[in-house]
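Trainee: model the following, please.
(chains A and B)
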Number of protein chains: 2
Amino acid sequence: MLDSLFNPKSVAVIGASTKELSIGNRVLKNLVDFGFKGDIYPVNPKADEVRGIKAYKSILDVPADSIDVVHMVIPAKFVPQAFEDCGQKGVKNVIINSGGFSEIGPAGEAIEKAFLEVARRYGMRVLGPNCQGIINSDPQCRAYCNFTFTMPEPGFISIVALSGGVAEVIHQGFAAMGVGTRIYASNGNACDITIPEILRYLGDDEKTRVVVTYVEGLRDPQGFMQAITEVAAKKPVLAMKAGRTREGAQAAASHTGGLAKEDLATDLIFKKAGVLSFTDEGQLIRAAAAFATQPMPAGNRVGIITNTGGPAVIATDVLVAAGLEIPPLSEKTAAFLKERLYPEASVHNPADVLATGTAAHYRACLDAMMADDNFDAVLVNFVTPFFVDTDSIAREIVAVNQLRRKPIVCNLMTDTRQWTETVRILKEGQVPCFALPSDAARALAALADYRRLRSRKIGESRRFDDVDRAAAAEILAAAREAGRTVLAANEVYGILEAYRLPLPAWEMADDAAAAATAADKIGYPVVVKADAERIVHKSDMGAVALNLTDAAAVRRAAEQMGRRLGAADLRFFVQQYLPGGREVILGAKAESDLGHLIMFGMGGVYVEVLKDVVFNLTPVTPTEAREMIAAIKLAPLLAGVRGEKGVDRAVLAELIQRLSQLVGDLPQIRELDLNPTLAFENGAYVVDARISL
Amino acid sequence: MLDSLFNPKSVAVIGASTKELSIGNRVLKNLVDFGFKGDIYPVNPKADEVRGIKAYKSILDVPADSIDVVHMVIPAKFVPQAFEDCGQKGVKNVIINSGGFSEIGPAGEAIEKAFLEVARRYGMRVLGPNCQGIINSDPQCRAYCNFTFTMPEPGFISIVALSGGVAEVIHQGFAAMGVGTRIYASNGNACDITIPEILRYLGDDEKTRVVVTYVEGLRDPQGFMQAITEVAAKKPVLAMKAGRTREGAQAAASHTGGLAKEDLATDLIFKKAGVLSFTDEGQLIRAAAAFATQPMPAGNRVGIITNTGGPAVIATDVLVAAGLEIPPLSEKTAAFLKERLYPEASVHNPADVLATGTAAHYRACLDAMMADDNFDAVLVNFVTPFFVDTDSIAREIVAVNQLRRKPIVCNLMTDTRQWTETVRILKEGQVPCFALPSDAARALAALADYRRLRSRKIGESRRFDDVDRAAAAEILAAAREAGRTVLAANEVYGILEAYRLPLPAWEMADDAAAAATAADKIGYPVVVKADAERIVHKSDMGAVALNLTDAAAVRRAAEQMGRRLGAADLRFFVQQYLPGGREVILGAKAESDLGHLIMFGMGGVYVEVLKDVVFNLTPVTPTEAREMIAAIKLAPLLAGVRGEKGVDRAVLAELIQRLSQLVGDLPQIRELDLNPTLAFENGAYVVDARISL
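Mentor: Numbers count the residues shown, from 1 in each chain, chains lettered A, B, ... in the order given. The predicted structure follows:
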């Protein structure tokens, strides 16, 4: 559908300018310099030609039946009329490079609305406004519909982002590494063609092997998630999210006009979608270079070949820290190499062929590690001493690389201005090369991370049929009717019971005497909590009395709370007291347009001190629930350490899933906290809870 | 002292070769290509000239009274005789590039010993063997006494490392960035001239502004620490340690012949010495580039100027995550900029001058942030649109940079092949430029880290005079005499008492009856622990009975232990029982040649689950002791959270210092654990302890 945009046969420029330093000139220059294979039509009412190309007074004068792409580089106020002309001419896509639209406020928004109406009427698509445009490096097309300056070689990586600044930084990063780009798209205000649409197009584009994207905030999280999940199922998607800190989010809001907030959801979307996420653009760029040409490793075990010691030590450190393994050579491999390398060579992993190591030595190591089932990938450290034939070494690396048996990354340590032929051989042979050992190791680690991410089957969420959705919905409706956004204790517990969340026995009581009666009924010991709308942090307000062992104590506690708190709507919540247990916390929080975030973590002081909590997006599957429990820092405490018994993690996992279903069924819930929940060797109980709408 | 090596007036090459691909030829080529300002003397018994330079049959034939540097590129067996000749000739320094010495085993070691004897006799110094050599880029010298291939521009950064591979990677990294190198030294086997000596030389070298070093393991930790502390007091030292993982340490051992061990001490040396330590060579390289030309910031507050949104968001994230601040503009600064920037520009921090922003706009922002006391440093994001005069922008950045009021780093996003003039202006103006926003931000963060590190005064260690060193030493001597390496409980507690480490009241008892009597004397409740040499993990072996409240209970517990454990040397340790308290752990471990490592952390399951411990080298100063207590993850628990009282951190700090003094006074102690130590609101007590020799 977007093919006429990304693979245009003809490009016109409305606002083609004879001034060198204008975008209306630069776009033409870029099309010509990049060798566009289609037709180019400058449109300029005053010039006969622009940059030596015949110009037309109006788009309507262009001698073509239809035009695939029109650049508009004219003041905003003229744009709606230009769209009318384009519509009549049969233009398929318009790229608006100029600004002056929704990003400047209501006046610009009105213009945007006006030209969009025209576009829809004629079935035209719009990229931008206020955007860079697209690039397609396919030798059959070579469309540089963009005013930037990085001319990519053909490649396998496509880049898409709203932010032209960062997309261009990534693009420059590839160019500086000598890595090609397949398609580049930056859509600025994105008034029509969206990032999800472009993502889908790149997913379908056979020549795109890897998709790279950068986001600051999401306009349509659900649509983005659907699109990126579909694309990630087809090919690797590498993504970076910025605006991670409060200050970063503010900076992002100030240039995108978005909402400044710290954002957990985007990372969770990436994880759920199977997208590999980065926090460093350099690591993303270098990883993409490896993804572009290398097969995925079958596992985590890396063989290292080097001709210099230290860089292999660094690579080893980085790989191991990233969770990869550096297994020893098998006896067979060691014997094979002993025969082939110098006697002083180090026949271990890393295998050190020495600075004087030859092409045959490198080849022997490569062959051995490709054949040895103990290795899933190979990292080559390669310094280029003047006294060895480095071109031949490069050729052997390329020969093995082209078999694509296992991924190879190369830490090429050279002066690229002197060792041009060695560099060329490796580049043409599609060996991803990195100047620094850490960078090579991290690129390889990204391949392994991706394998882990994609081989993780999160499964389907489980649907609990024993819940009473209607009863819970009724409680919520009643509260809403009464104008309350914070639910009373009996409402909260009613909803939890409807979803079969395990609770200690409980009763509500209107006064101290009734509390004592309720306690008698429940059995001792009990807890008494004061309940009133304004009492939010119960413990801090002295509204909780624990471990009361008889009716007199209950009565006394309730009377004291009554005197101290004296709220008109004060009631007492009486509950069975459960001594011991491990305090955990569960929670749910509505995320606009994305369902809810589900939280799990250690309770009590650990929430604050260690921030030992993890999140997931609803619906949480059984696998994800188990992963959440295993992912917190204090997870070993839940599993049991040093003779201490662990807790019932199966019940906790079910609790997480029931909570996920609860907020999924009742999206009007804004926040729900099950804090604390006490986990025991057998069973777990929600001891206190809050729900707000 | 090493000046004749690093600043030679004459260089001879013994083993000068006519073969292009030999080191004996390459060293000459490098000297010539680099423009060595001194005299060059090839020595070759068979050739009249090498690379067009007159050659001599023997070093003795060289027409010079003395020679500063001789390269030896001859087989190992000829080296001792060559040294004899050099000695007679009055050679000052010998660089042995060849291998075949101690790195290959005893035969090579013997040769090394032989030539060293000659060198000492004549007062010659030796770099290497098995090393690359040195480079001095000073325009007055231009000595490339090295067979590598990276020709540096003159610069301010000096590099020293045993590992030529990594030193060269770092060197290449500077060259690729267009950053100069001052002195380069890689000394391979380091049989004579050591890394500490070279470090000291670089410390005294006025033209070296920054010292960069890489280590895998330390041969002489004490000497290294002394040297690096001295140098770091004079100028920034940036260091990287590899072999951090077990596998990495093995890889290091295999190429250096060193000992494979995970190594905490090196990082602690760096910290104590005030050396900025890195785990990523790329970050080290980029940080050094900033250190080379920028003043140190006075604080953590960064102003950001950009002409494109996204990269400033990324930079903000990285800076904030690294602990820096992005304060808002002061009203005055905002007003100043409002008048000078485009109306659509974002007058915040980051300040966005827009892609169309001019040199005047950048200058206004730079001036404002330099003048505004709210900022300690400035990060400039600078993309180079074709439609603005980027050269002028570069010139303004340079003009402000040259005032050296506050550090500036620049994230220059361009195609360096097209924007050559802009790049040149910034480079000549000594503005550190980085292609990626994260990299620029991290380099700036390193400056701030360094300021923090250097402004931290660790002070002197405190000497406690109330200790009884003699008593403790006597106990140790007796144990050693008896051939025991694990001390008995009464010995351990005797030593702790001698150093006034606070203990609960305790008694030793030989049998159950005596235990009950001891308990009566101490007062209840008590703890009874079985004590015998083979009982190491008491709790796991059922050798501890807690909270015994009367004599009968004590007797019963002791009898049961006697039956169950039945050791011949079994005795009972009876101790006052202290309920409650926070479990912490203190420990000391001998580090060869470096005193001891002192450990502090949360005790119990947290040691295992969170590895929540920190280390320091003896002697631990009061400041360091406080820092250790504040540095653990669960430190807020010790300070007190959410109404829970904190513990007596002053007493814990004293405990750490007394422990430090104890092992400092008694270095024969191999390991000492005070585990657990219970910390209370007032006071702390060592509840169990172990000492081994």
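
Trainee: quick check: A:Arg626 vs chain B, distance?
Mentor: 19 Å (Cβ to the nearest Cβ, to the nearest Å). The C-beta positions use only the backbone N, C-alpha and C, and glycine is treated the same way.

Trainee: run a quick neighbour tally on A:Asp465.
Mentor: As a burial measure, A:Asp465 scores 5 neighbours (other Cβ atoms under 10 Å in any protein chain shown).

Trainee: next, it: secondary structure please.
Mentor: Using DSSP: H, G, I helix; E, B strand; the rest coil, the structure places A:Asp465 in coil.

Trainee: mind pulling up the pLDDT for it?
Mentor: Looking at A:Asp465, its pLDDT is 95.

Trainee: and if you look at A:Phe36?
Mentor: 98.

Trainee: same check on A:Phe156?
Mentor: At A:Phe156, pLDDT is 98.

Trainee: over to the one 3 residues further on?
Mentor: Per-residue confidence (pLDDT) for A:Ile159: 98.

Trainee: mind listing what it touches?
Mentor: When contacts are counted by Cβ atoms under 8 Å, 6 or more residues apart in numbering or on different chains, A:Ile159 is found next to A:Ala167, A:Ile170, A:His171, A:Thr181, A:Ile183, A:Tyr184, A:Ala185, A:Val212, A:Thr213.

Trainee: which stretch of helix or strand covers the second one?
Mentor: Pointing back at A:Ile170 there. Secondary structure from DSSP states H and E places A:Ile170 in helix A:164-177.

Trainee: helices or strands up against the helix or strand just after that helix?
Mentor: Once helix A:164-177 ends, the next helix or strand along the chain (criterion: DSSP H and E) is strand A:183-186. Strand A:183-186 is packed against strand A:133-136, strand A:157-161, helix A:164-177, with contacts defined by 3 or more Cβ pairs under 8 Å, 6 or more residues apart in numbering or on different chains; DSSP states H and E.

Trainee: closest one to A:Thr308 among the ones you listed?
Mentor: Closest approach to A:Thr308 among the helices and strands packed on strand A:183-186 is made by helix A:164-177 (21.6 Å; Cβ to Cβ).

Trainee: the closest one - contacts with which helices or strands?
Mentor: strand A:157-161, strand A:183-186, strand A:210-215, helix A:281-293, helix B:309-321, strand B:377-383, strand B:408-413.

Trainee: let's have these in TSV, adding distance to B:Trp506.
Mentor: Shown next, in TSV, are these (distance: least, Cβ to Cβ, whole Å):
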stretch	distance to B:Trp506
strand A:157-161	68
strand A:183-186	73
strand A:210-215	63
helix A:281-293	56
helix B:309-321	49
strand B:377-383	56
strand B:408-413	59
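
Trainee: and of these, who's closest to A:Leu501?
Mentor: The minimum distance between A:Leu501 and the helices and strands packed on helix A:164-177 falls on strand A:210-215, with 35.1 Å, by Cβ to Cβ.

Trainee: quick one, which of the helices and strands packed on helix A:164-177 is nearest to A:Ser254?
Mentor: A:Ser254 sits nearest to helix B:309-321 of all those, at 7.9 Å, using Cβ to Cβ.

Trainee: touching chain B at all, the longest helix along chain A?
Mentor: In chain A, taking DSSP state H as the definition, the longest helix is helix A:437-455. Yes: using Cβ under 8 Å from any Cβ of the partner chain, we find that helix A:437-455 touches chain B at A:Pro437, A:Ser438, A:Asp439.

Trainee: report the inter-axis angle for that helix versus helix B:281-293.
Mentor: Inter-element angle recorded for helix A:437-455 and helix B:281-293: 140 degrees (by axes from the mean of the first three to the mean of the last three Cα atoms, to 10 degrees).

Trainee: dump helix A:437-455 to PDB, restricted to CA.
Mentor: What follows is helix A:437-455, C-alpha atoms only, in PDB (Å, rounded to 0.1, in the frame of the first residue of the first chain):
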ATOM      1  CA  PRO A 437      36.600  -5.600  21.500                       C
ATOM      2  CA  SER A 438      33.800  -4.500  23.900                       C
ATOM      3  CA  ASP A 439      31.700  -3.300  21.000                       C
ATOM      4  CA  ALA A 440      32.100  -6.500  19.100                       C
ATOM      5  CA  ALA A 441      31.300  -8.600  22.100                       C
ATOM      6  CA  ARG A 442      28.100  -6.500  22.800                       C
ATOM      7  CA  ALA A 443      26.900  -6.900  19.300                       C
ATOM      8  CA  LEU A 444      27.300 -10.600  19.600                       C
ATOM      9  CA  ALA A 445      25.600 -10.600  22.900                       C
ATOM     10  CA  ALA A 446      22.600  -8.800  21.300                       C
ATOM     11  CA  LEU A 447      22.200 -11.700  18.900                       C
ATOM     12  CA  ALA A 448      22.100 -14.100  21.800                       C
ATOM     13  CA  ASP A 449      19.700 -11.800  23.700                       C
ATOM     14  CA  TYR A 450      17.500 -11.800  20.700                       C
ATOM     15  CA  ARG A 451      17.500 -15.600  20.400                       C
ATOM     16  CA  ARG A 452      16.500 -15.800  24.100                       C
ATOM     17  CA  LEU A 453      13.800 -13.300  23.600                       C
ATOM     18  CA  ARG A 454      12.300 -15.000  20.600                       C
ATOM     19  CA  SER A 455      12.600 -18.500  21.900                       C
END
